[in-house]
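Undergrad: Need a 3D model of the sequence below.
(one chain, ligands or ions: 1)
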Amino acid sequence: MEPQLDPMKDDLPLMANTSHMLVKHYVLDLDVDFKSQVIEGFIVLFLETGSRYRRASSTGEEGCQSQFDETCKIRASEQGHVPVSNASACSSKMEYNDFAVCGKGEKDTSDKNGNHSNEEQASGISSSKNCCDIENHGNEDFLLVLDCCDLSVLKVEEVDVAAVSGIEKFTRSAKLTDVSKELANLRNQIVHELVTLPSDRWKEQLYYYTCCSQAPGCGELLFATGTWSLEIRKSGIRTPADFPHAIRIQYKTKPEGRSVTWTTDQSGRPCVYTMGSPINNRALFPCQEPPIALSTWQASVRTAASFVVLMSGENSAEPVQLQEGIMSWYYYVTMPMPASTFTIAVGCWQEVKQSFTPAVQTNNEFSLPCSQADFRWHEESCGHVEYPCRFQSPAARLQRVIPYRVFAPWCLMKCCEEHLLQLIPQCLSAAYTTLGTHPFSRLDVLIVPSNFSSLGMASPHIIFLSQSVLPGGRHLCGTRLCHEIAHAWFGLAIGARDWTEEWISEGFATFLEDVFWARAQQLSHDEEKAQQELKALLRWRRLRDEVQNSEEELQVLRPNKESTGEVSESGASIVKHGLKAEKIFMQVHYLKGYFLLRSLARRIGGASYLASLRKFVNKFHGQLVLSQDFLSMLLEDVPEQKESGLTVESIFTNWLDSSGIPKPLLEEGETWKESRLVQQVSGEVTKWIRTNQRIRKSGKKKRRQDEGTFQKLLPDQLVLLLEYLLEEKTLCPRTLQGLEKTYQLRDQDAEVRHRWCELVVKHKYVPAYGDVEKFLREDQAMGVYLYGELMVNEDAKQQELAYKCFAAAREQMDVSSAKVVAEMLF
Ligand SMILES: [Zn+2]
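TA: Reported below is the predicted structural model:
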């Protein structure tokens, strides 16, 4: 299925040499063609010289960064094994493949994998086995390495930004001395001035980015593509400082590229979207993947007029007609973020609006107009690089609910109107009450196609939700929405500097999901506590199961331990297990992270803990963090905890650096069973077990009034009830029938139905096989493990069901899901 990828190798390489050059801004100009399933156009990269090369040319601010590089180098050489060797190992492998083709003197510039190159001879780059190590090959051309996969690169050229009219004002400070290098220097000087414009001139900056992106080319650059990267060089240019700082790449995506998925929505209309693949956006545009490369972007996307283009962008774009039947959509962001957070979705989606209006409120009245004058920048309070930050804008800081819209395929619009539309302002408002200023100016929520492999995904300005959260009441929809909204702060505004520390975003989002949801429901303190204890028990059970059934190595939250966040000299690194298919379905990181944050909250006390979270957000938004950044700040605030033995080191040892269930959690484990809501479930379970025994004794004689009176349960209680009943060896068909009838299980949310399906499969309850089939078809994000359960019973009917459902869904499934299911089935 994946000929280019070695299935044995699960590490994801991040190849870009960000220490040499950093992308500051991307301009994308793309056409989306559904007939050929190709996105085609160009991308212009505006670059700055990287931290390792900036010392000579620039002012003091980089001092600390170079110091960081120094320590990296020292530590790396002390340890003997250097991350750089990993990176170069895979880079050289790629290069040999690629240049072997060119070396044979073939005229065709694409090899059998469709990789492209315009290099005329192999010598230049292929001899530099270690592209990361420029300094050791001082007599060779500098190589710009971008992360890139499955793209057809057609042309790379330098952009003549000096030709843009009005650009002279950016050249005043240029010191032109050497006549021969004059023009190249001038161009780089212009780009430097442009990317470092103060943030109150962001509009002007965007305008000139657009102009520059359309400026004429001034010379093609040499390039070569491999499995994981695009390498660019300019003959005779040996340093990043002399390398062109504005380059334009003309390229096409491939239909099989894994950054976007081409599929149909629930109404059968074609669509394409970034589905959060482990390779992120590198099969959508060549980019610098390492999170350190924080950049802004703008994009113009053209497609047929029947489609809607949604994207990570501060503005809600209005389409502009270019020619008959073609619309253009323009989006931009001014807050620098990792390129991996860029998200796009193009489809025939409709905006869901309230059809019967309950006294129009929410949306517009909260979206206070933010003119430029509203932004006041106080450098002392924001720790990030300069950008028009919402935390500095009085109007933005008062906005409880940011403007939002909901998009869905036509056939699900009614469904969205029922709960989702009302839930969004409630959840946004709860988040604001908890954490303060929303980091992003607006929010689109899109119900993505049924092949989406998780329940939700958060990106700047856009949340993807699975259709699975829609049916069965407010609960699942609300909690999931809260989770994704929490990512605006944890995961997006504050990113992980080391991708392997994903617990920082997932742990926080899971913990805050409960906090937000309690507030959105306006629960009393006691109700909140009871619901959260029930949730903790459910998560504890899940964690226990996952820890038993997964590789130990994957259970560690800080796999790089003390070398976390380190990169090679070039900036390249490897994300351990980044490509492991099973990992997508694992929740260990969510769960352990959540339990750590919960345990800290219990020790520190709810109110002061939330105050610390707000402080953390104020201090670190717009920046990348490591685990210790949060933990040190938190413990600093509560000095008495240090005396009780709670230190950053003890938290590393107990929670973050070890596999299995954390020791402090083991000690706490059983206490949740005393919780009121859990007790209630236990009572009901006893009734059902008795009912089941009575039915078994009475044999074939059918007696009515088997079922006693059962209490109404919350969705999470139902989940627990069914899980407890799953531990029973035998349940009669009539008991199962009674369960379904009593709780209307078919109408419950997907979490409840999932447990119901497990019961059906376990007890071979044939009358409900239709429910299992429906679940596998409509709830693909959750159904993966149900396939496994259909196989283990070795029951012909069940296996047939599994094969049938997989055959129907396989083509639309994402690679990871399909791989995991195929392993269960064949
Ligand atoms: Zn700020």
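
Undergrad: how about the residues of this protein near the ion?
TA: Contact residues, the chain versus the ion (CB under 5 Å from the ion): 382, 389, 391. C-beta here means a position set from N, CA and C on the backbone, and glycine is covered the same way.

Undergrad: run the last query once more with 6 Å
TA: On the criterion CB under 6 Å from the ion, the ion has as its neighbours in the chain the residues 382, 384, 389, 391-392, 621-622.

Undergrad: low-confidence ranges in the stretch 1-150 of the chain?
TA: The stretch 1-150 of the chain contains residues with pLDDT under 70 at 1-9, 53-116, 119-139.

Undergrad: mind running it again at 80?
TA: Within the stretch 1-150 of the chain, the segments meeting pLDDT under 80 span 1-10, 51-139.

Undergrad: where does the nearest residue to residue 391 once chain neighbours are set aside fall, helix, sheet strand or coil?
TA: Nearest residue to residue 391 in three dimensions, chain neighbours excluded: residue 437, at 5.1 Å (CB to CB, 6 or more residues apart in numbering). Recorded secondary structure, residue 437: coil (DSSP: H, G, I helix; E, B strand; the rest coil).

Undergrad: Start at 59, not 1
TA: Happy to do that; since the first residue is 59 now, the last one works out to residue 495.

Undergrad: domains of the protein?
TA: As given by automatic domain parsing, the domain ranges for the chain are 70-354, 407-608+644-728, 733-883.

Undergrad: how about CSV for these, with mean neighbour count added?
TA: Output for the domains of the chain, formatted as CSV (neighbours: other CB atoms under 10 Å):
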stretch, mean neighbour count
domain 70-354, 19
domain 407-608+644-728, 19
domain 733-883, 17
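
Undergrad: how near is the nearest residue to residue 75 once chain neighbours are set aside to residue 477?
TA: In space, and not counting its chain neighbours, residue 75 is closest to residue 628: 3.9 Å by CB to CB, 6+ apart. Separation of residue 628 from residue 477 (CB to CB, to the nearest Å): 49 Å.

Undergrad: Which residue comes closest to residue 562 once chain neighbours are left out?
TA: Once flanking residues are discounted, residue 562 sits nearest to residue 554: 4.9 Å by CB to CB, 6+ apart.

Undergrad: Residue 658 contacts residue 667, doesn't it?
TA: Yes - counting by CB atoms under 8 Å, residue 667 is a contact partner of residue 658 at 6.7 Å.

Undergrad: So which residues of the stretch 709-858 of the chain form helices?
TA: Remark: helices assigned in the stretch 709-858 of the chain by DSSP state H, counting those that start in this stretch are 721-726, 734-756, 773-784, 791-801, 808-820, 827-836, 838-850, 854-867.

Undergrad: Now do the contacts for the nearest residue to residue 793 once chain neighbours are set aside.
TA: Take residue 793 and drop its neighbours on the chain: the residue closest to it by CB to CB, 6+ apart is residue 750, 4.3 Å away. Listed by CB atoms under 8 Å, 6 or more residues apart in numbering, the contact partners of residue 750 are 786, 788-790, 793.

Undergrad: if we go to 6 Å?
TA: Contact partners of residue 750, counting by CB atoms under 6 Å, 6 or more residues apart in numbering, are 789-790, 793.

Undergrad: likewise residue 470?
TA: Residues near residue 470 by CB under 6 Å, 6+ apart: 324, 505.

Undergrad: what about 7 Å?
TA: Taking CB atoms under 7 Å, 6 or more residues apart in numbering, we find residue 470 in contact with 324, 505, 525, 528.

Undergrad: Put together TSV for the residues you listed, with pLDDT, secondary structure and distance to residue 858 on each row.
TA: Below are these laid out as TSV (pLDDT from 0 to 100; DSSP: H, G, I helix; E, B strand; the rest coil; distance: CB to CB, whole Å):
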residue	pLDDT	secondary structure	distance to residue 858
324	94	coil	26
505	97	strand	31
525	95	helix	26
528	96	coil	29
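
Undergrad: hmm, which two among those are most spread apart?
TA: The most widely separated members of these, counting by CB to CB, are 324 and 528 (10.5 Å).

Undergrad: where does the stretch 709-858 of the chain dip in pLDDT?
TA: Within the stretch 709-858 of the chain, the stretches with pLDDT under 80 are 725-729, 757-766.

Undergrad: Report the beta-bridge partner residues of residue 318.
TA: Judged by DSSP bridges, the bridge partners of residue 318 are residue 332.

Undergrad: Oops, could you answer that again for residue 466 instead?
TA: When bridges are called by DSSP bridges, residue 466 pairs up with residue 408.

Undergrad: List the contacts of it.
TA: Counting by CB under 7 Å, 6+ apart, residue 466 touches 407-408, 410, 474, 505.

Undergrad: which one among those gets closest to residue 832?
TA: The closest of the contacts of residue 466 to residue 832 turns out to be residue 505 (CB to CB; 17.9 Å).

Undergrad: excluding its backbone neighbours, what's nearest that closest one?
TA: Among residues not flanking residue 505 along the chain, residue 466 sits closest, at 4.1 Å (CB to CB, 6+ apart).

Undergrad: And for residue 521?
TA: Nearest residue to residue 521, sequence neighbours excluded (CB to CB, 6+ apart): residue 542, at 4.5 Å.

Undergrad: Poorly predicted segments of the stretch 559-708 of the chain, please.
TA: The model of the stretch 559-708 of the chain has pLDDT under 80 over residues 610-612, 614-615, 617-627, 631-644, 695-703.

Undergrad: try it again with 70
TA: Looking at the stretch 559-708 of the chain by pLDDT under 70, you get 639-643, 699-701.

Undergrad: Name the SS class of residue 394, please.
TA: Following three-state DSSP, we place residue 394 in the strand state.

Undergrad: now swap in residue 210 and tell me
TA: Counting by three-state DSSP, the backbone at residue 210 sits in strand.

Undergrad: per-residue confidence averaged over stretch 442-456?
TA: Average pLDDT, stretch 442-456: 93.

Undergrad: Only alpha carbons, please: show it as CSV.
TA: This file holds the C-alpha atoms of stretch 442-456, laid out as CSV (Å, rounded to 0.1, in the frame of the first residue of the first chain):
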residue,chain,number,x,y,z
HIS,A,442,6.8,35.9,22.2
VAL,A,443,8.2,37.5,19.1
GLU,A,444,6.2,40.6,18.0
TYR,A,445,2.9,40.1,16.3
PRO,A,446,-0.6,41.7,16.7
CYS,A,447,-1.4,39.7,19.9
ARG,A,448,-4.9,39.4,21.2
PHE,A,449,-3.7,39.4,24.7
GLN,A,450,-2.6,43.0,24.2
SER,A,451,-5.9,44.1,22.7
PRO,A,452,-8.4,45.5,25.2
ALA,A,453,-11.3,44.7,22.8
ALA,A,454,-10.1,41.1,22.2
ARG,A,455,-9.6,40.6,25.9
LEU,A,456,-13.2,41.4,26.6
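
Undergrad: Give me the pLDDT for the residue most central in space within the chain.
TA: Residue closest to the average C-alpha location in the chain (CA atoms, centre = their mean): residue 334, at 5.7 Å. Here, the pLDDT recorded for residue 334 equals 81.

Undergrad: can you give me phi and psi for it?
TA: With angles defined as degrees, to the nearest 10, residue 334 sits at phi 70, psi 40.

Undergrad: Over to residue 287?
TA: Dihedral angles of residue 287 (phi, psi; degrees, to the nearest 10) stand at phi -150, psi 160.

Undergrad: Model confidence score at it, please.
TA: Looking at residue 287, the pLDDT reads 93.

Undergrad: For it, which non-adjacent residue is closest in space?
TA: Residue nearest to residue 287 in three dimensions, not counting chain neighbours: residue 73, with 4.2 Å by CB to CB, 6+ apart.

Undergrad: Can you dump the C-alpha atoms of stretch 402-411 in PDB for me?
TA: This file holds the C-alpha atoms of stretch 402-411, laid out as PDB (Å, rounded to 0.1, in the frame of the first residue of the first chain):
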ATOM      1  CA  ILE A 402      -7.600  23.500   4.800                       C
ATOM      2  CA  ALA A 403     -10.900  21.900   3.900                       C
ATOM      3  CA  VAL A 404     -12.600  22.300   0.600                       C
ATOM      4  CA  GLY A 405     -16.000  20.900  -0.100                       C
ATOM      5  CA  CYS A 406     -19.700  21.600  -0.800                       C
ATOM      6  CA  TRP A 407     -20.400  22.300   2.800                       C
ATOM      7  CA  GLN A 408     -23.300  24.600   3.900                       C
ATOM      8  CA  GLU A 409     -23.200  27.000   6.800                       C
ATOM      9  CA  VAL A 410     -25.600  25.900   9.500                       C
ATOM     10  CA  LYS A 411     -27.700  28.700  10.800                       C
END
